[in-house]
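Participant: predicted model and sequence follow; I will ask about them next.
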Amino acid sequence: MERFKVLVVDDEDDFRETIVKRLKGRNLDATGVASGEEALKTMAQENFDVVVLDVRMPGMDGIEALKEMKKRWPLTEVIMLTGHASVESGIQGMQLGAFDYVMKPVPLDELLDKMRQAYERKKIQEGKF
Amino acid sequence: MPSTRPSGSERWWLPWLAPTLTLAAGLIFWGAGEQFLAGAAVGLSALGFYGVHSLRARLAQAEAARQLMDERLLTTQKLAAIGELAAGISHEINNPLAIIRQEAEWLEELLKGARFQDQAQLLEFRESLQEIILAVERAREVTGKVLELARERQPVIQKLDLNRLLEDMARLVEHEARKKNIVIERRFALDLPPVESDGPLLRQAVLNLLTNAYQAIEDRGTITLTSSWAGPDHVKIAIRDTGVGIPPEMLDKIFLPFFTTKPPGTGTGLGLAITQTIIHRLGGTLSVASQPKHGTTFTIVLPLSWEPQEQRA
Ligand SMILES: Nc1ncnc2c1ncn2[C@@H]1O[C@H](COP(=O)(O)OP(=O)(O)O)[C@@H](O)[C@H]1O
Ligand SMILES: [Mg+2]
């Protein structure tokens, strides 16, 4: 699969830095930011194919960030990550157009697989326009 | 030729061969309705009782089937009309809702610079504004769901690992289910091929059904999540719960938008309406079987490969 651009949004520094490093190791173009606000700023400057977004963050929470992302960049696919499962926010996330909703911890290979599928979906959608 | 017919129609073919008259009478006066047929039955009973008898039975059967179809068609059309109306209203309401929220937030801003003689008064002001914002959010959630229901989104078709998808959604619900001592049992067929479908849409549907299942169980119970083949080119997903069940007279209402038996805040009555719309969009079917006090099973049947549908029933 070709190289695609991923934005990882998570306020936990350890988690974010590790995952970005490992995604780079798998030949992905990965960037990490620590908040929803930062994510929106970064996305306004660069195009991303897939966003991995933590649900619970201080400041703008994941659901709010997701809303804004899908409004401004409807083709970018967003995978929601959550530490503690909340069914309600899961349903909300899926309804707002998230590609998937994943419980932490998630094995890297599984996450990578989901990212590839999300990227494939974006390519299919782009082909339609 | 008759010998190739299924055995159930034997009684139909027997008199066909002998008293042809019976059939002729039956056919000629088909349009004259049942009363005439009844008369003919008496008159010709010696010749072909069986023929007329089964003709009447068949007519009655056809009539019942037609009525059922009419009702279904009517329900579908009614639902479509209701959906359109609700979406129109939701759209109109969204704008004033956005303004209310904006203004409430602006008041919060202004409040920062305002001076009150009484500190308690300031607090009350703030709380009141928070309540307004919360209520707006709830209203927006409902309008959002209604709009989702009406949106004609074309599915994006990818090859999916169905069991993986089910497992992911089960895990999401499991945490909350455990608090109510609910066990989620998986029975996955391990020989299923990839399914051509829309992942995000299917996840939404399964999550809605799982949520209903665990809400139906008060305390202690089992949700059984099954995947299996359904014929050579379909797969089946079943979600069974040991919850309160659904009374028979309610079964045809549960798919209606806004039908809910749950307290406000817990239920909006849109879950099943959305789920059914999604499954139809994916070329599948959604059905329900329930036994009050014992539990309920929702079953999704999906085609293994997806073709765009010209028209939707
Ligand atoms: N698994 C179930 N067991 C019992 N009742 C159910 C189940 N699923 C749905 N229902 C009934 O159908 C109604 C409508 O369901 P739904 O459309 O999901 O809306 P909501 O869950 O918001 O009430 C529910 O309020 C409930 O009465
Ligand atoms: Mg529901």
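Facilitator: Perfect, I can see it now. Ligands and ions are numbered 1, 2, ... in the order given.

Participant: and after the helix or strand hosting residue B:112, which helix or strand comes next?
Facilitator: Element membership of residue B:112, judged by DSSP states H and E, is helix B:45-113. From helix B:45-113 onward toward the C-terminus, using DSSP H and E, the following helix or strand is helix B:119-150.

Participant: by mean pLDDT, flag the weakest helix or strand of chain A.
Facilitator: helix A:87-95 (a mean of 85; mean pLDDT, DSSP states H and E).

Participant: and the helix or strand following it, which strands flank it?
Facilitator: Next in sequence after helix A:87-95, counting helices and strands by DSSP H and E, comes strand A:100-103. With DSSP bridges as the test, strand A:100-103 is paired with strand A:77-82 (parallel).

Participant: nearest the geometric middle of chain A, what residue?
Facilitator: By CA atoms, centre = their mean, the mean C-alpha position of chain A lies nearest to residue A:52, the distance being 1.9 Å.

Participant: any idea which helix or strand carries residue B:273?
Facilitator: Residue B:273 belongs to helix B:271-281, assigned by DSSP H and E.

Participant: which ones are touching residue 83?
Facilitator: Because you didn't say which chain, this covers chain A. A:54, A:55, A:56, A:104 (CB atoms under 8 Å, 6 or more residues apart in numbering or on different chains). Any C-beta I mention is one placed from the backbone N, CA and C, and that applies to glycine too.

Participant: please go with chain B instead
Facilitator: So residue B:83 contacts B:146, B:149, B:150, B:257 (CB under 8 Å, 6+ apart).

Participant: same list (the residues you listed) but as JSON lines, adding neighbour count.
Facilitator: Output for the contacts of residue B:83, formatted as JSON lines (neighbours: other CB atoms under 10 Å in any protein chain shown):
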{"residue": "B:146", "neighbour count": "26"}
{"residue": "B:149", "neighbour count": "20"}
{"residue": "B:150", "neighbour count": "18"}
{"residue": "B:257", "neighbour count": "22"}
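
Participant: isn't residue B:272 up against residue B:252?
Facilitator: No. Using CB atoms under 8 Å, residue B:272 is not in contact with residue B:252; the gap is 11.6 Å.

Participant: the two - which one has more neighbours?
Facilitator: It is residue B:272, of residue B:272 and residue B:252, that has more neighbours when counted by other CB atoms under 10 Å in any protein chain shown, with 22 against 12.

Participant: let me see the contact set for the more buried one.
Facilitator: B:208, B:212, B:254, B:255, B:259 are the contacts of residue B:272 under CB under 8 Å, 6+ apart.

Participant: how far away is the fourth one from residue B:236?
Facilitator: Spelled out, it's residue B:255. Going from residue B:255 to residue B:236 by CB to CB, to the nearest Å gives 19 Å.

Participant: the helix ranked longest in chain A packs against which elements?
Facilitator: Longest among the helix segments of chain A by residue count, using DSSP state H, is helix A:108-128. Secondary-structure packing of helix A:108-128 (3 or more CB pairs under 8 Å, 6 or more residues apart in numbering or on different chains; DSSP states H and E): helix A:13-25, strand A:50-54, strand A:77-82, strand A:100-103, strand B:158-160.

Participant: let's see 6 Å
Facilitator: strand A:50-54, strand A:77-82 (3 or more CB pairs under 6 Å, 6 or more residues apart in numbering or on different chains; DSSP states H and E).

Participant: and the shortest one with helix A:108-128, angle?
Facilitator: With axes from the mean of the first three to the mean of the last three CA atoms, to 10 degrees applied, the angle from strand A:50-54 to helix A:108-128 works out at 130 degrees.

Participant: and the next element down the chain from strand A:50-54?
Facilitator: Immediately after strand A:50-54, counting by DSSP H and E, sits helix A:62-72.

Participant: flag every residue of chain A that's near chain B.
Facilitator: Proximity of chain A to chain B, by CB under 6 Å from any CB of the partner chain, involves residues A:85, A:87, A:90, A:91, A:94, A:95, A:99, A:103, A:121, A:124, A:125.
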